[in-house]
Structure formats: C-alpha cells, structure tokens
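> Prediction below, plus the sequence it came from.
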Amino acid sequence: MLKLSFTPLSTTFPSKIIPPRLLKSITTNTLSQAPQTVRQNDTTTSTNTPQHKLPPKSAYIHLPFCRKRCHYCDFPIIALGSSSAPEEDPRILNYIQTLCREIKATSLNSNPNPSLETVFFGGGTPSLVPPKLVSLVLETLSSKFGVSLEAEMSMEMDPGTFDRGKLKELMELRVNRVSLGVQAFQDGLLKACGRAHGVKEIYEAIDIVKACGVENWSLDLISSLPHQTPEMWEESLKLTIQAHPTHVSVYDLQVEKDTKFGVLYTPGEFPLPSEDLSAEFYRMASRMLTDAGYNHYEISSYCRSGYMCKHNYTYWKNEPFYGFGLGSASYVNGIRFSRPRKLKEFMHYVELLEDGGVNCEDDSTDAKDLAMDVIMLSLRTARGLDLKSFAKAFGCELVLSLCKVYQPYVESGHIVFLDDKLKTITVDEYSSLLSDDRKMSEVPAFLRLSDPDGFLLSNELISHAFGVVGS
Amino acid sequence: MATAADFCRLKFMPLSVNSPFHHQQQHHGFGFNYSNKYKFSYSGRRSFRVNCQTTSGVDSSSKVSHSDLQLAAVVGKDRLSKVPTSNIRNFSIIAHIDHGKSTLADKLLQMTGSVESREMKDQFLDNMDLERERGITIKLQAARMRFMYENEPYCLNLIDTPGHVDFSYEVSRSLAACEGALLVVDASQGVEAQTLANVYLALENNLEVIPVIGLDCSNAIYCSAKEGIGITEILNAIVQRIPPPHDTNGRPLRALIFDSYYDAYRGVIVYFRVVDGTIKKGDRIIFMASGKDYFADDIGVLSPSQMQVEELRAGEVGYLSASIKSVADARVGDTITHYTRRAEQSLPGYKEATPMVFCGLFPIDADQFPELRDALEKLQLNDAALKFEPETSSAMGFGFRCGFLGLLHMEIVQERLEREYNLTLIITAPSVVYRVNTIYGDTVECSNPSLLPEPGKRSSIEEPYVKIELLTPKDYIGPLMELAQDRRGEFKEMKYLTESRASIIYELPLAEMVGDFFDQLKSRSKGYASMEYSFIGYRESELIKLDILINGDCVEPLATIVHKDKAYAVGRALTQKLKELIPRQMFKVPIQACVGSKVIASESLSAIRKDVLAKCYGGDITRKKKLLRKQAEGKRRMKAIGKVDVPQEAFMAVLKLEKEVL
C-alpha cells in the first residue's frame, strides 16, 4: 500500500480500471444549444446545477456472493460453494471490510450532503451475507452520508438462503423491501438454469416474507428460459399473482456471450423459445399482470399502485447514484464509472481511492451523450420522455426531429405521444401536427413506447432516436 | 473484377533456365534486382559481353554486364541531344499482360541509362498508385532513350500502351505514333486475344513487329526482363529492324496526341508525336478537332520524367503544356498544328470517346453531393472519356449518371472517387445504352432503366451488340460455347489456330457482357481463354423492364432491363437475394419483382417480433447504450426506401447477383 502512495497514477493503475475522468478526451457540446438544466418534472431545484450533477441520494451496494453461478449469469459474482457457513467465511468478512473502506474513502463534494433516500443491496445473492456484516455496511453508509428515516432499503434475496430469523434481523436494520429471485415455478426449469433452489424453497421463502410482515416485496421472474412452454409461463404468472407481491419484475432472458447458456444456446433456437413465442411470453405477462391490477410502469417492472421501486427509478430519471462494491456502477457529478469486476483489481482500486489517486471531479459531459442517456432511460418507463424538460435541456429542434422521426411508428402504434394532461394524442391529431412545427413543439408533452408493442421493440425504436441525436 | 488481376500473371520465362551458367548467375544475385541496387558480387563472367552486332540474337544466355550499364549511363546523360531523323526509332510494346510488359519497359530504361538506378522503382511507367497496385497500365506513358549502336547515337522512343480492352482506343493512337512494335508473348501462356487484336492493329498501321520470347516464328528474341537477359538484343533489333520516321521537317506542323493528362498546377499536359514539321517553345498552336488554340509554354521530352527542350522535330516524341484547362480541349487522337501555318488535313484516326457502360452514382450521405460533383469534374479533367450528368431518383436522392468506356474504366473511376475523394457511394447496376423507338416514330436513347418510356409508348427497343472473339485451348471450347449461348450469343465462326488452340466468334448483346462475362470466361477455362470484343451496332431485341418493389415502393436503382426470357430467373434471384440482405423491420415487408403491373416473383421479410431493451443492472447502462448506438449507426448507413431501411450492400450485391443469373 505504501509503495503506491508516491507512484505516479498512470504507471501503477491498470489501464482498464482507470475511471472515465482520466480517460476522457476533450469533449465539446456539439448540439446547437448549450445544455441547460435537465429538469425532471418532480425535481424542484432552484439552483443552476444540472440535476445529474447534484449529490446522489441513492446508493447501490454490490454483495457478490453466490452458492454457485447460474447458467445465464454474467454478473461479477464470487461463488462460495456449499461447504462453509457464510457466518464463518473469511472471504465475506474481507470483502465487507473493503467495501466499507471504499464507502469511507469516497469524497463528498457538497455541503451539506443530503441523506440517502434509497439503498439497494444487489448481487450476487445479498441474502447470503450475515446480517451482522450488512449492519456494518449500513452503519458506514449512515455515518458517511446519513440514511433518511423513510429511505427505501431493498435487498435481493434468493429462496433457500434465509430463514425467518435472518429476515427479522435484516428488518431490524431497516431493510424494508425484498426482491425475491424466484425466476420460475417449475423445478425442471430452475434446474436447467442452474438455480440453487427448487419450487419448495420458493414457497417457503414467500411464507417467510409474509410471516415477517415485509409489506413491500417484489417477485422476480425470467421469461424465455430454455424448454419453457406457454403453459409453464402461464402457470408461473398465475402463481405469482396468487402470491400477492406488491411488485413483479419480469426479465426477458438475455443470452450473454461468456455464460453457459451463451455457449450452449442461440436466441430463437431450440431449446430456447422462438422469437415469436418469446414475444408472446412478454405479451402474456403484460396482459395477465395488468389484468391482476399491476401497473406496467417500466419495460420489465410491474407494481401495485404506490409500490414502484424508487431506487430503480433514480436510474430511469437519469439521477445520480453512488455505487459501491465489486463491478458496481456509479453516476456522480455527471460521470459514469464502473468499478473493476475482478476482486483483486477491485481491492487495488480501493487502496488507490484511499490514497486519493482516484479523481472523479466535475467534467464536461458531451451533450449528445447526455441526451442519449435521457432518451434511453426514460423510454424504459411508461411515463416516457418528458419533452418539455428535454427541450429545455437540449433544444426544441431536437425534440421536433424526434417527434418527426417516429411518424411511421405512431401510425403503427409502437409510439405514443401524450399531451400535458397525459391524454393520448391520436394518430389523426398527430398527423395534423406534422405540418405545423410550432404546434408540434407545443402540444406533445410526453413521448412513450406503447405497451406491449412498443416495449417489445424498444431497442429498435430507441435506436431511431439515437440516430436523430447522433446526426 | 478479375479482369484487372488477370493481367498480372506474366513472368518472363527464361527459356534457358537449365543452363548451369544461368543458375550460377541467379544464385549470385547477378540479375537486375532493383531492391538490391545491383550487387554485382559475381565478376567472374564479366568478360562475357553481348555482341552488339547480333541482330536476331537467339543467344539466350547473353547477359548484361556491369560495363554495359556504365556505358549506358554515360550515353543516357546525352539523351536530350538531337540525332538525325534517320536515327530515331519510335516503338511500342504489345503485350497482353502488362506486368511483364512494364518490367521489360523498366529494363529498357535502365539499360539505356534513362533512369538512374537510384531513381528506379518497379514499373516506372505506371505512375498511379492504383496502376501499381493492380499491376496494370491505365494511362499510357512514354520514354525517350539514347542508345549507342555501332558507335552512333540513336534516339529510341518507347510509347507504353494500356493493355485493357476498355482502353483500346488509346492503344490504337499510341500505335499510330510508332513505326514499330515489340510483340511480347508469354512462353507459358501463349497468345491472348487482346494481344492478337493489337498485333492486327499494329499491322494495319504498317508497323514493323519484333516478336520477343518463345514464339514459334523466326527471328524472335528470347528474353527474361526479370533476369535482364536479351535486353541488349532487343535494343539492337529496334535499331536494325524498325524503320526511322520520314524526314518531313519542312512541312506544316502535324503532331498526333497519343495521351494527355491534367496537372493541377500546369493544366493539361499533352503527349504527342511530331509527324510533320517542327514545334518550338512559345509557338502558337491549335488543336484541329477541338479548334482550341494556345501558346505552347513549355515543350520537352519524356525520359521518362519531363525534360524541357527548345524544339521537337518530325519523328520525335514529346510533351507540351499550354495552360490548357481541360483534357477535352486536347483529346487523344487530335492533331496539333501551328495557328498561323496550319496543316491542310488533320492526321487520321481521331474519334470521340463513346461511353459503352453506364451506371448511377449516388452519395450515401446526401450532403456529399457537391463533393461528388467536384470530384467527378476533377476526374474528368484527366479523363475525357468519363461522361456524367446529374440524375435524381426518388429513392436515392441526387446523384449522377455516368458513362464509361467499359467495366474496368467504371470500376477504376469508382475506386478513385472513394479512395482519393473519400466519398461513400451507392452504385446502381451497370447498364448499356438502349435505343427506344417510340410509337411517335422517333428514337430515344436510354441508359437508365428507370427512364425507359412506358410500354405503351414504345414500339421496339434496340440494344448494342458486340462481336466477340474467344481464344481458347480446345478443351474449353464446350464450356465457352455454352457460356456464349447462355448470354444470348449468336455463333458465327470457329477456327483452329493451331492443333490445340481455337478461335470462336460470337455476336452477342453488350448488356450480356456487362457483368461477369469475363470472370465466367476465365473460370470456365481455368484461366486459359481470353477474349476481345468490338462494337458492331444496334439490334432490336425483346427487352422488358424489371422493377423491384420493396414494401410496395418501386426502388428505381434496382430496376433493370432484361430480355423477356430471363425476367423470371432474374426476378426470382433478385428477390431472394434482397431478402437475405435487408434486415428485418418492425413490420412484414414484401419484396416483389414486377414486369409492368404483373408480379413475377415475390418474397417476404418477416417482422421483428421482439427486441427488448434488457435490464441495466445496478444502473450500468454503458453496455446497452453502446449496443443501441451501434444499432443507430447501422441504420444511418442505410437508405430509407419508403419505410424500409435498405443497406448499401443490397444495392451492391444486386450487381453481383446479376453475374450469377444473367
């Protein structure tokens, strides 16, 4: 550690973990208008600081430990195996200590510093970490930033990794939201994707969550798993609805290159469902969950009224957030930075951070980049892109171009424009706006992808907007 | 195109490779190896001198020695000095395969001291990068050499000719500027059709032809340019056998332009051969065909770089510059005479270059249209055969319809536009010029399928026909006849040139050769056959226009004019190919081939059903964003045809597909 403190940064720091601040070449504001404040509708800042440069009020904590790696997973995780008890595993203790050091070493740029409004423990399998150690992390967070009394504090938990006692302990630490990794309700499917639990453990976990009185909990599913049939998917959705979670996440399986699935399977080909079937799964989820009273408020998220995941929503609003732990991403001062995904390099990074060798000061962000971030993130949500604040930040011309580029997709029903009263603008109304630039820049207040057709083709549709911003 | 590459294969075969002496020489690096800068490490044989008196030197083992070169270098220094007209020899080299020809030319330059060894680079006469890369000569060049023969200085002018059929007009002009020609034949490959055509051209021009290398005829010289064998014999033969020009210094000036090019600083530089009279620096001259007159600012000889002289006389070859703005003012084949003392008649043979092949060029990025226009204008300054006019297409926006001498010419222009002017272009399928007889009794020329008059307004369509001669070993006669037959060829004649080699003559539509005819010829004959064609006129054919509709929108750049018997095959292949090349869209896209309103082939592209933006885990959006940017970039490179994004490759591959089907 000592040897590092006086060595020039560039020679000792592995290049792949140099934060963007250090790598960034000169960027310029290439849009016609200089970016002004991006004001989301519910943010009432009186200062001139752009919203994404305000101090974060959210923190993501990565707890990477798993019993074993699932076949679809390419996250930065550490597989513990099934031998040791987590309470005694020195690997977990060491990691938590390093994590706490990282939190402590983080520089604060504002005074006073706002307390955290959301904390999210993601993984890995955070529920494997002994509550004692979770407490350590939370204490560190509290003393560093402060944690609001009303803060949403979520933890991802896997069936079979916690009992009533453990969950009680966590709740005493003010963990108040559980994200339960169910994935499927069929033993065969669970086994085929390498999950460490079966259906029995799922029901036990649901019972524990309910018995402990966790009011706000999410049941997480994966669609388009290998060998999944429409009957199985329907069953999973039905059983999910019967479990009465306040929130449901439905992730469409992504076959990543360096995973077991990536080696074995090709999307759209057996045993994975065809593209048509996979699209049908998405529609089924949308239809069944909506019918059961859930709001489809984001591409892959459904909730009962009032139970949106506040933490995730900070991402979609392009608001800043801290990230701590292996491979985690942060967005502070307008800079996105991903920590090293390998443990050794991460340790190294924390040492350097403590030595003041990591500098993430204010930097000018390319306006185009920022515009793309805002589009890509906000179009994930049912609320969509706020055209008024977007125009303020990036200029009316860009909004006008966006409104026009989507003409065929408004007609095909993939894109929906809403007025300031959140009323849908009809295709005919939209067509008449096309000939009047002034009205076109005044009338539409929001732009969103339709549910489910637009959401289903989100990449294709968002890339059209990227084309407009990039040109 | 394989066409160009096929010209690069010749290696001058040393016929005496078995002689131990030769082996030894090679082993010691005695030969001409530019990169080695003449390492004459082996001196034991220096006493072996070429006998300068040898006329038809079949002495294949004769080699160039060090002292020869030294002498040549001294002589070469005087190459600007005048010699009597009787000591001038003007010649060109006829060879099918340029690579070997250029090597021989280089060697002649070196042997006569015209190029110092330190300036030497491979294929000195091929100036353009593109030429050097492809091993072909596009623009011909000239070089003046001085050679001592029997203690008398001779002035030898080599006029290099392009070897490709597209440039045969330039070949004919350069031959017209000579009294003799070296016929270079590759012993391993035999005579090629183009070579033979040029030999006939040379004989028509009353040129003395000196065969070089293993031809089975008398008085041929064996040589290996690479090894430097036989070069002195060739030089001797040039002096002995090629007649000198006539001494017509007293007549009014007549000079034949055999090449011209545009220099950004000096305007057009004209290469010419003085046939009659003399021309001096500062003379007021007029180009007889174009009628443009100028003052000759600068005259000189090419040796091979430009060297100024005061005067050029009858029989001499040189260049002039006169601040001429465009090569169109001083075209190849035109005659230069004095403004005040004009010649009565121009030299024979000038002809306007007529483009035979047409295609549309459109910038991918509409903003590049002005750049494309500038680039074409600049290229045209250098290449008067290039024709272009603006073309607008609803699908492709603004572009140009361009005319070329042939396919190689077309390809070279495209490549130069993309490479030298940094343009990204969509090239529409090449087409020929059709003559459409309308019901009103007039005839309309049409080279753009999308501008073809409607069926109801035309009474007939005529298309250009060519006579094509194929030279092939007899084993490939069958496959080649099949090829010609497939291309609507009409068999005319077949004769055996030797026991094993035949000449087949067909007449077929030029449109059938616009494509991969040459590639097919080569592949069906394993590379052994060659061809030569000439335009023979227009004939009426049953032609129809084949339209391609994508999602109901007619895509003009994909429209073609085809013979009615081929419409179905082409339509099927086109729609299938397009289905492969166009990415799936958010909706089902029908792809149809139509004749008039009748759909003759149809495919459909299924809609993308699912393309969901994946979870950005823990707020990490960088990877997904990169993916979306890539997706957006992909779209940017496509052309929107109605609602459908069509990638550039679709337009390109359609060209290739035609090769498979047509």
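Done, it's in.

> got the contact list for residue B:525?
Listed by CB atoms under 8 Å, 6 or more residues apart in numbering or on different chains, the contact set of residue B:525 reads B:472, B:473, B:476, B:479, B:480. From N, CA and C alone the C-beta is placed, and that goes for glycine too.

> run the last query once more with 7 Å
For residue B:525, the contacting residues are B:472, B:476, B:479, B:480, taking CB atoms under 7 Å, 6 or more residues apart in numbering or on different chains as the criterion.

> Of the residues you listed, keep whichever come out buried.
Among these, those that count as buried by neighbour count (16 or more other CB atoms under 10 Å in any protein chain shown) are B:472, B:476, B:479, B:480.

> Check for me that the second one belongs to a strand.
Right, the one you point to is residue B:476. No: the assignment for residue B:476, made by DSSP: H, G, I helix; E, B strand; the rest coil, is helix rather than a strand.

> ok, so what distance separates it from residue B:591?
Summarising the geometry, the distance separating residue B:476 from residue B:591, computed by CB to CB, to the nearest Å, is 38 Å.

> same deal with the first one?
Taking CB to CB as the measure, residue B:472 falls 39 Å from residue B:591.

> Next: the last one.
Note on residue B:480: its distance to residue B:591, by CB to CB, is 35 Å.

> Contacts only, for the most centrally placed residue in chain A.
Chain A has residue A:312 as the residue nearest its centroid, 5.1 Å off, counting by CA atoms, centre = their mean. Residue A:312 is in contact with residue A:301, counting by CB under 7 Å, 6+ apart.

> Only alpha carbons, please: show the helix or strand encompassing it as PDB.
According to DSSP states H and E, residue A:312 maps onto helix A:310-316. Taking C-alpha atoms only, helix A:310-316 is exported to PDB below (Å, rounded to 0.1, in the frame of the first residue of the first chain):
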ATOM      1  CA  LYS A 310     -37.800   4.100  -6.000                       C
ATOM      2  CA  HIS A 311     -34.200   3.100  -6.300                       C
ATOM      3  CA  ASN A 312     -34.500   1.800  -9.800                       C
ATOM      4  CA  TYR A 313     -36.500   4.900 -10.700                       C
ATOM      5  CA  THR A 314     -33.500   7.100 -10.000                       C
ATOM      6  CA  TYR A 315     -31.700   5.300 -12.800                       C
ATOM      7  CA  TRP A 316     -34.500   5.900 -15.200                       C
END
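
> buried stuff in the longest strand belonging to chain B?
When chain B is parsed with DSSP state E, its longest strand is strand B:458-473. For strand B:458-473, burial by neighbour count (16+ other CB under 10 Å) applies to B:458, B:461-472.

> Take those and lay them out in CSV including distance to residue A:190.
Converted to CSV, the buried residues of strand B:458-473 look like this (distance: CB to CB, whole Å):
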residue, distance to residue A:190
B:458, 71
B:461, 70
B:462, 74
B:463, 69
B:464, 72
B:465, 73
B:466, 72
B:467, 76
B:468, 71
B:469, 75
B:470, 70
B:471, 73
B:472, 69
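
> ok, of those, which one's closest to chain A?
Here the nearest of the buried residues of strand B:458-473 to chain A, counting by CB to the nearest CB, is residue B:458; it sits at 36.7 Å.

> If I look at residue 57, what pLDDT would I see?
Reading this off chain A. In the predicted model, residue A:57 carries a pLDDT score of 95.

> Please refer instead to chain B.
In this model, residue B:57 is scored at 34, pLDDT.

> From residue A:441, how far off is residue A:403?
Separation of residue A:403 from residue A:441 (CB to CB) stands at 8 Å.

> More neighbours: which of the two?
Counted by other CB atoms under 10 Å in any protein chain shown, residue A:403 and residue A:441 do not tie: residue A:403 has more neighbours, with 23 against 17.

> Get me the contact residues on chain B for chain A.
If contacts are counted using CB under 7 Å from any CB of the partner chain, the residues of chain B sitting beside chain A are B:586-587, B:608-622, B:625, B:628-629, B:631-632, B:635-636, B:643.

> packing partners for the longest strand of chain B?
helix B:193-204, strand B:434-438, strand B:501-509, helix B:510-513, strand B:530-541 (3 or more CB pairs under 7 Å, 6 or more residues apart in numbering or on different chains; DSSP states H and E).

> Next, the angle from the second one to strand B:458-473.
When you say that, I think you mean strand B:434-438. Between the direction of strand B:434-438 and that of strand B:458-473, the angle (axes from the mean of the first three to the mean of the last three CA atoms, to 10 degrees) works out to 160 degrees.

> Beyond strand B:434-438, next helix or strand please.
Next along the chain after strand B:434-438, taking DSSP H and E as the criterion, comes strand B:443-446.

> what comes into contact with that next one?
Applying CB under 7 Å, 6+ apart, the external contacts of strand B:443-446 come out as B:433, B:434, B:435, B:436, B:437, B:438, B:452, B:453.
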